[in-house]
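Chemist: Could you work out the structure for the sequence below:
(one chain, ligands or ions: 1)
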Amino acid sequence: MESDLPKIRGYKSLRLLMEPGEYYFCACGLSKNNPFCDGSHRATETFKPIPVKIRFKQEVKWCDCRRSKDLPFCDNEHRNLPGYVPKNIEE
Ligand code: FES
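Modeler: Numbers count the residues shown, from 1 in each chain. Next comes the predicted model:
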């Protein structure tokens, strides 16, 4: 990778309805199964997936820019990034 920062996939949250279970959030931003780990982080020496337990069926707001201070969840930090273009207040 060119830097120690994870790849920005999007300047928005990824809202997904999740079933209960254990998931592995992609921390590197390289997964082809975004926002979940597919093993692509092995090409880096920096990143490891973040394990997440979802205890009940719910909508989860995953971080897609990977700059959230509450990873793997979105804290709207994408709105402070230089590439962010506001579209609507639901993002
Ligand atoms: S593919 Fe990104 S952390 Fe595994």
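
Chemist: Show me what from the protein comes close to the ligand.
Modeler: Taking C-beta under 6 Å from any ligand atom as the contact definition, the chain meets the ligand at 26-28, 30-31, 37-41, 47, 49. All C-beta atoms are positioned from the backbone trio N, CA, C, and that covers glycine.

Chemist: Check whether R79 sits in a helix, strand or coil.
Modeler: helix (DSSP: H, G, I helix; E, B strand; the rest coil).

Chemist: Sketch out the low-pLDDT regions of this protein for me.
Modeler: Within the chain, the stretches with pLDDT under 70 are 1-3, 88-91.

Chemist: Name all residues that make contact with D4.
Modeler: T46 (C-beta atoms under 8 Å, 6 or more residues apart in numbering).

Chemist: any idea how far it lies from the ligand?
Modeler: 14 Å (C-beta to the nearest ligand atom, to the nearest Å).

Chemist: tell me which element that residue falls in.
Modeler: Following DSSP states H and E, there is no helix or strand that holds D4.

Chemist: Give me the three-state assignment for the residue nearest to Y84 when sequence neighbours are not counted.
Modeler: Spatial nearest neighbour of Y84, chain neighbours left out: Y11 (4.5 Å); criterion: C-beta to C-beta, 6 or more residues apart in numbering. At Y11 the chain is in coil, as set by three-state DSSP.
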